[in-house]
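> Here's a sequence, model it:
(2 chains)
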Amino acid sequence: MDDRRQRFEAQALPHLDAAYNLARWLSRSPADADDIVQDAMLRAFRAFDGFRGGDIKAWLLTIVRNCWLSAGKATKRRGHTPLDDQELVAEGDPEHSAIQQGTRRRLDALVAALPEEFREVLILREMEDMSYREIAEITGTPIGTVMSRLARARALLRETAKDCL
Amino acid sequence: MSCEQSLITQSYLDGELRDEQAQAAERHLENCLACQEQAANTADLSDALRKLARYPAPELLRHKLTKQLDLETRRSPAGIFWMGAASGGGFSALAAGFALFLLLPPSAATLSQSVVEAHTAALTGGKTIMVASSNHHTVKPWLAAHAGISPPVVDFADQGFALTGGRTDEVAGRRAAVAVYAHGKHEVDLFTWPDRGAALPEPGMARGFRTAFWKAGDLDYAAVSDMDAAAFQKFVALAKTRRE
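Numbers count the residues shown, from 1 in each chain, chains lettered A, B, ... in the order given. Predicted coordinates for the structure are as follows:
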């Protein structure tokens, strides 16, 4: 295996879950997320020689978001596909799992229903642990905008998801 | 109830503040009920989201990605070489060394392995055909334009091997033209590349695929397929004696 491939696999592939999670939340469809991530990882591999240090996760997520944007221009977006059982990662105590899954489905639907600009900052901050600066880079918006969108996203979700929290 | 400092509190809660800024935000939080409520709400929301809602990448996607990277990796050395040659970098010591390496005829074992790898990579990547046509008047010029090789292309549909299209590929690091035929559910790839004086492998079997090699004029040929022996021999015989 060549050196570039090895470096790519060692550095980029550990972030495949993050890439998929972002694509899945942006596109709200497993099939689209699959296409977006394949496209993004291939583009990343081809451009990998041009990647000079920095945070590789943020770099990859930027590419994922760009691929999502260009896919969205090419095809009319589908509606949200809710979590199916296969996608639910079984966790915790079985007695509570039915309740947990019900809660998870509802919360999932509520996050998916957030407008795009709020949804993406929330996913990047809460699930991918990106800093404000990184979110600003990935989404191409000023930090001040990231902060206000994040506050708005949290307020909106708290309002709609009161009984899930 | 909302405090005008709520964005600063949020930054503090998200771990964005350092030193004096963080200390100032902490002091404010101790005394502001609105911000305390915000902190509690943010923590609840954060917990719920982190526990409940991350989608892991499906195994199938990982698998597809590995295959795609295999294809990319396999194609890249020649791509780099041709780019170097085209930009005049072909005169650099590195590219010259690489060119010399490529000019040496590949060994028989390398050739066998290389055509079977190309065939299986095309099958698993679902990219056996780049130009789909049963008409040799379409396939031949496409191969000439894209592979720079213009092999005779003949449809053997009457004999049970229908021409389905063509693609460009690589054999031992060199560009090859591939004509693709269908025999029932089986596929045959007929590779063609410029002869470099290499000794060609004997007919054989690797990873479940039959291979046969021959020379004709200034071109080398290889047929690769998972067909049974009789059908494969029939195809090779047809391909060797083809007339356009």
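> Let me know the next secondary structure element after the least confident helix or strand in chain B by mean pLDDT.
Lowest mean confidence among the helices and strands of chain B (mean pLDDT, DSSP states H and E): helix B:93-103, at a mean of 46. Using DSSP states H and E, the next helix or strand after helix B:93-103 towards the C-terminus is helix B:108-124.
> How about the contacts made by the residue of chain B found nearest chain A?
Nearest residue of chain B to chain A, counting by CB to the nearest CB: residue B:57, 3.7 Å away. Where C-beta positions appear, they are placed from N, C-alpha and C, glycine not excepted. By CB atoms under 8 Å, 6 or more residues apart in numbering or on different chains, the contact set of residue B:57 is A:16, A:17, A:19, A:20, A:21, A:37.
> tell me the pLDDT at the residue of chain B positioned farthest from its centre?
In chain B, the residue that sits farthest from the middle, by CA atoms, centre = their mean, is residue B:31; the gap is 60.4 Å. Reading off the confidence values, residue B:31 has pLDDT 90.
> again with residue A:95
On the pLDDT scale, residue A:95 gets 51.
> Which parts of the chain are helices?
Assuming you mean chain A. Using DSSP state H, the helices found in chain A span residues A:3-11, A:16-27, A:30-46, A:56-74, A:94-112, A:116-122, A:132-139, A:143-160.
> ah, no, chain B please
B:6-13, B:19-31, B:33-52, B:59-86, B:93-103, B:108-124, B:136-147, B:229-240.
> what's next to the first one, contact-wise?
Okay, so that is helix B:6-13. A:132, A:147-148, A:150-151, A:154, B:3, B:17, B:21-22, B:25-26, B:28-29, B:32, B:34-35, B:38-39, B:42-43.
> Find the centremost residue of chain B, please.
Central residue of chain B (CA atoms, centre = their mean): residue B:71, at 2.2 Å.
> Am I right that residue B:166 is in contact with residue B:178?
Yes: the pair residue B:166 / residue B:178 is scored as a contact, 6.0 Å apart, by CB atoms under 8 Å.
> Mutual contacts of these two, please.
With CB under 8 Å, 6+ apart, residue B:166 and residue B:178 have common neighbours residue B:143.
> Excluding covalently adjacent residues, which one is nearest to the residue of chain A found nearest chain B?
Nearest residue of chain A to chain B (CB to the nearest CB) works out as residue A:20 at 3.7 Å. The shortest distance from residue A:20 to any non-neighbouring residue, by CB to CB, 6 or more residues apart in numbering or on different chains, is to residue B:57 (3.7 Å).
> need the helix or strand of chain A with the lowest average pLDDT.
helix A:94-112 (a mean of 74).
> quick one: low-confidence parts of chain B?
Residue ranges of chain B with pLDDT under 70: B:1, B:52-53, B:75-105, B:243-244.
> Name the residues of it found near chain A, please.
Applying CB under 8 Å from any CB of the partner chain, we find that chain B lies next to chain A at B:6-7, B:10-11, B:14-16, B:41-42, B:44-46, B:48-50, B:52-58, B:61-62, B:64-65, B:68-69, B:72-73, B:76-77.
> repeat that with 7 Å
B:6-7, B:10-11, B:14, B:16, B:41-42, B:44-46, B:48-50, B:52-57, B:61-62, B:64-65, B:68-69, B:72-73 (CB under 7 Å from any CB of the partner chain).
> Could you report the neighbour count for residue B:178?
Close neighbours of residue B:178, defined as other CB atoms under 10 Å in any protein chain shown, add up to 30.
> again with residue B:169
26.
> what does residue B:134 give?
14.
> need the contact list for the closest residue to it other than its chain neighbours.
The spatial neighbour of residue B:134 that comes closest, neighbours along the chain excluded (CB to CB, 6+ apart), is residue B:163 at 5.1 Å. Contacts for residue B:163 (CB atoms under 7 Å, 6 or more residues apart in numbering or on different chains) come out as B:134, B:136, B:139, B:155, B:157, B:179, B:181.
> Equivalent analysis for residue B:166, please.
B:130, B:131, B:139, B:142, B:143, B:177, B:178, B:179, B:180.
> Same check on residue B:113?
By CB under 7 Å, 6+ apart, the neighbours of residue B:113 are residue B:206.
> Please list the residues of chain A that sit near chain B.
A:1-2, A:5, A:16-17, A:20-21, A:24, A:34, A:37-38, A:41-42, A:45, A:87, A:89, A:104, A:107-108, A:111, A:125-127, A:131-132, A:147-148, A:150-151, A:154, A:157-158, A:164-165.
> what bridges to residue B:163?
Beta bridges link residue B:163 to residue B:181, judged by DSSP bridges.
> Find the centremost residue of chain A, please.
residue A:22 (1.2 Å).
> How many neighbouring residues does the nearest residue to residue A:128 once chain neighbours are set aside have?
Spatially, and ignoring its direct neighbours in sequence, residue A:128 is nearest to residue A:18 (5.3 Å; CB to CB, 6+ apart). The number of residues packed near residue A:18 is 23, by other CB under 10 Å.
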